[in-house]
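S.K.: Sequence and predicted structure, then a few things I'm wondering about:
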Amino acid sequence: MTATIAKTWAITGASSGIGLAVTQQLLKQGSKVVALVRSPQKLQSLKNQYADQLIIIELDLNQTEKIASTIQAAFNAAGRIDVILSAAGYALVGAAEELSEADITAHIEANLLAPIFIAKAALPFLRHQKHGHIMHISSEGGHITYPSASIYHASKWGAEGFFDALAKEVQALNIAVTLIEPGRIKTGFDEHAHVTDIAIEDYRKSAVGAYFRLLAMGRFPMIGDAEKVATRIIETSTMPKPVLRLVLGSDSYKNITRETQKRLDSFIAQAETAAQTDAED
């Protein structure tokens, strides 16, 4: 048995996109998967095929009050879970001023609070096992920003900060943390995006309007392959010392490194003025 086959995974978003690709590959390899999904019926055909390996538990990520009990049920059902993969999420698109408070709240609940609560609920079990790996699908959008995606970026930048700090907290406990940072992948992600069209004329003339026009023109192509992404995620879970940030896609690598360098250059240029606010001895 390989290291991959010996592991049991819990996966949110297991019924579509990257989460589904990871789930299918794991099942084919003989692994056990606990799928935490909002619509269990979407995985019924897989359940029929892998009855002994696939456990399906219903979980709506916007019902955050149910996350702790659901994670406990997942560990009770599986006996042991080695890898927690938060793969669920969606895009919220529109000028910040035009987004409804309800949409903003729902998005932050699903994209940021739910993965945090899942990790928090899983940690007692992972500590008891003295082993575990928490993986979260972030995005290049956790390092860069586009106009009209402010709340999406808030969720991804927030997750980057949380899981980065968490990795330091659990490093000595034999629990690994990995932030997965893909670029644009060929999945149904765009089709499931919640889009608020521009109603305020000022935004049609701004960077928001330009971004909407570029999207319509197909200027942001999806170059990533979901199956290859899933394979790299699984491979990373078998590493003795998994990376904290797993960059996937040449577009993600280019965008992240470019924006990080620009940010660094800006900081370096402020070296002298930053020191001017230090207290004098």
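M.R.: Now that the structure is in, tell me what you want to look at.

S.K.: Can you tell me the centre-most residue of the protein?
M.R.: In the chain, the centroid-proximal residue (CA atoms, centre = their mean) is Ile137; its distance is 2.3 Å.

S.K.: In this structure that residue contacts Ile18, no?
M.R.: Yes. Using CB atoms under 8 Å, Ile137 is in contact with Ile18, at 6.1 Å. All C-beta spots, glycine's among them, are computed from the backbone N, C-alpha and C.

S.K.: which residues are in contact with both of the two?
M.R.: Shared contacts of Ile137 and Ile18, defined by CB atoms under 8 Å, 6 or more residues apart in numbering, comprise Ala87, Pro182.

S.K.: circling back to that earlier point, contacting residues around the residue nearest to the centre of the chain?
M.R.: Residues near Ile137 by CB under 8 Å, 6+ apart: Gly13, Ile18, Gly19, Leu85, Ser86, Ala87, Gly89, Ile180, Pro182.

S.K.: Narrow those residues to those in helices?
M.R.: Ile18, Gly19 (DSSP state H).

S.K.: Low-confidence regions, the stretch 51-200 of the chain specifically.
M.R.: Counting by pLDDT under 70, the stretch 51-200 of the chain has low-confidence residues at 188-189.

S.K.: What are the boundaries of the helices in it?
M.R.: Applying DSSP state H, counting those that start in this stretch to the stretch 51-200 of the chain gives helices spanning 67-78, 101-108, 114-129, 150-170.

S.K.: Of the ones you listed, which is nearest Ala51?
M.R.: helix 67-78 (13.6 Å; CB to CB).

S.K.: Name the residues that touch the closest one?
M.R.: When contacts are defined by CB under 8 Å, 6+ apart, helix 67-78 is touched by residues 8, 10, 32, 34, 36, 55, 57, 59, 61, 81, 114, 117-118, 120-122, 125.

S.K.: Mind giving me the PyMOL select for these, buried ones only?
M.R.: Remark: buried members of the contacts of helix 67-78, expressed as a PyMOL selection using 16 or more other CB atoms under 10 Å:
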select buried, resi 8+10+32+34+36+55+57+59+61+81+114+117+118+121+122+125
